[in-house]
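[1] Need coordinates for the following:
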Amino acid sequence: MFEAARFTEYFTHRILDDLDACMVPMCRHHFQNPGSQVRAQLAFDYSKAFDLSDETALSVAIIVELLHNASLIHDDIQDRALIRRHQNTLCERFGAENALSFGDYLISLAYETCALLPQASIGKAVRVVHQYVKNTITGQMLDINAAAHTEMTLKDYRKICWLKSGQLIMLCVHLPAMLANEEQHIDAFMKIIEPLIISFQILDDLTDMQEDRDEKNFSIFSILDNHEYIDALKAVRLANVDFHDAKGALNQLSTKFTQPFTGFFERIHQKLQKEFES
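    Numbers count the residues shown, from 1 in each chain. Below is the predicted model:
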């Protein structure tokens, strides 16, 4: 069973024990609020669902969580964000150059953590991790450049959501499946995760609707260019369709594979209900 407090302690020590002194203040600042750890829990729980050892499950969770935090740090630099997790971002507190270096370090440590996986699978694990990191970077670049294009479509939006936000969630499943030699399940998981992530991103765009418009950020409202109320209603309906597509795909799996996603689905369902009621 994933225990958030124990994971946080182990995860933080994993970084601090490896860090040079000049990066310790950045590490302590960034991780003093560790976030939801949704990806770490998914990675650990799916590792156990695929009957991997606790040690391997922990390493998989650490790899994903390191990459996720690196992506947040780099995203904050590119967005010039001031606040993350109710505190100053690393780029605001220590400068963009230092924040960039620390984010790069976390990516490097994720690859180093692959060396803790079962020896026969290390090479393939590195290739799997690289594929999802590359896809995430592609999504980030498409997102950055999307605001400059005036003819973006809903298909473009879905692609960007999937690449930018969905890849590390897929890694939570694909890496354990690969280590267990059960990659035949990957297509089924993709049918769940892709619409689920798009639904989640649309709801996130609803939360940030005014800010994104003010900053001219690319969002679902870059596609739905009508009256604000009508756009919001359309966005909620789109999110609802994707959510139920994901739910239907999830119900095709055996119980041991559906259980780890229960909390994630409930979180999105609650946001949908809130938007429908507002």
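[2] those strands in this protein, which residues are they?
    With strands called from DSSP state E, the chain shows them at 83-84, 87-88.
[3] Compare those and give me the one nearest I122.
    Across those, the minimum distance to I122, taken as Cβ to Cβ, is reached by strand 83-84, at 32.2 Å. (C-beta placed from N, C-alpha, C; glycine too.)
[4] and E277, how far is that from V38?
    In this view, E277 and V38 are 24 Å apart by Cβ to Cβ, to the nearest Å.
[5] what's the answer for N145, then?
    Separation of N145 from V38 (Cβ to Cβ) stands at 28 Å.
[6] Looking at these two, which is more packed in?
    In this comparison of N145 against V38, neighbours counted by other Cβ atoms under 10 Å, the higher total goes to V38 at 16 against 11.
[7] so that one touches F264, yeah?
    Yes. Taking contacts as Cβ atoms under 8 Å, V38 lies within contact range of F264: 6.3 Å.
[8] Just give me the neighbour total for M170.
    The tally of other residues near M170 (other Cβ under 10 Å) stands at 22.
[9] ok, now which ones touch the closest residue to it other than its chain neighbours?
    For M170, ignoring the flanking residues on the chain, the nearest one in space by Cβ to Cβ, 6 or more residues apart in numbering is I193 at 5.6 Å. Going by Cβ atoms under 8 Å, 6 or more residues apart in numbering, I193 touches 166, 169-170, 173, 246.
[10] And those, which is closest to A4?
    Looking at the contacts of I193 and their distance to A4, the nearest is I169, at 17.8 Å (Cβ to Cβ).
[11] any idea how far that closest one lies from A43?
    9 Å.
[12] Of these two, which one has the most company?
    When neighbours are counted by other Cβ under 10 Å, A43 comes out ahead of the other of I169 and A43, with 30 against 26.
[13] If I look at that one, what pLDDT would I see?
    A43 carries a pLDDT value of 98.
[14] Was I right to think it contacts V60?
    Yes. With contact defined as Cβ under 8 Å, A43 reaches V60; the gap is 4.8 Å.
[15] okay, and the common contacts of these two?
    Contacts common to A43 and V60, judged by Cβ under 8 Å, 6+ apart, are 172, 175-176.
[16] now the residues you listed as a markdown table including pLDDT, distance to L90 and neighbour count?
    What follows is the shared contacts of A43 and V60, written out as a markdown table (pLDDT from 0 to 100; distance: Cβ to Cβ, whole Å; neighbours: other Cβ atoms under 10 Å):
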| residue | pLDDT | distance to L90 | neighbour count |
| --- | --- | --- | --- |
| C172 | 98 | 24 | 29 |
| L175 | 99 | 26 | 29 |
| P176 | 99 | 30 | 26 |
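[17] out of those residues, which are inside helices?
    Counted as lying in helices by DSSP state H, out of the shared contacts of A43 and V60, are 172, 175-176.
[18] any low-confidence regions in the stretch 151-278 of the chain?
    Across the stretch 151-278 of the chain, the ranges flagged by pLDDT under 70 are 225-230, 278.
[19] now the helices for it?
    With DSSP state H, counting those that start in this stretch, the ranges of helices along the stretch 151-278 of the chain come out as 154-179, 186-207, 209-215, 228-250, 255-258, 262-277.
[20] Mark out where each domain of this protein begins and ends.
    Taking automatic domain parsing as the criterion, the chain consists of the domains 1-152, 182-278.
[21] okay, these in TSV with distance to C161 next?
    Converted to TSV, these look like this (distance: least, Cβ to Cβ, whole Å):
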stretch	distance to C161
domain 1-152	8
domain 182-278	4
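[22] so which of the ones you listed gets nearest R158?
    With Cβ to Cβ as the criterion, R158 lies closest to domain 182-278 of these, at 5.5 Å.
[23] now the closest one, how far from the centre of its chain.
    Going by Cα atoms, centre = their mean, to the nearest Å, the spacing between the C-alpha centre of domain 182-278 and its chain's C-alpha centre is 13 Å.
[24] Stretch 67-83: which residues count as buried?
    Of the residues in stretch 67-83, those buried by neighbour count under the rule 16 or more other Cβ atoms under 10 Å are 67-77, 81.
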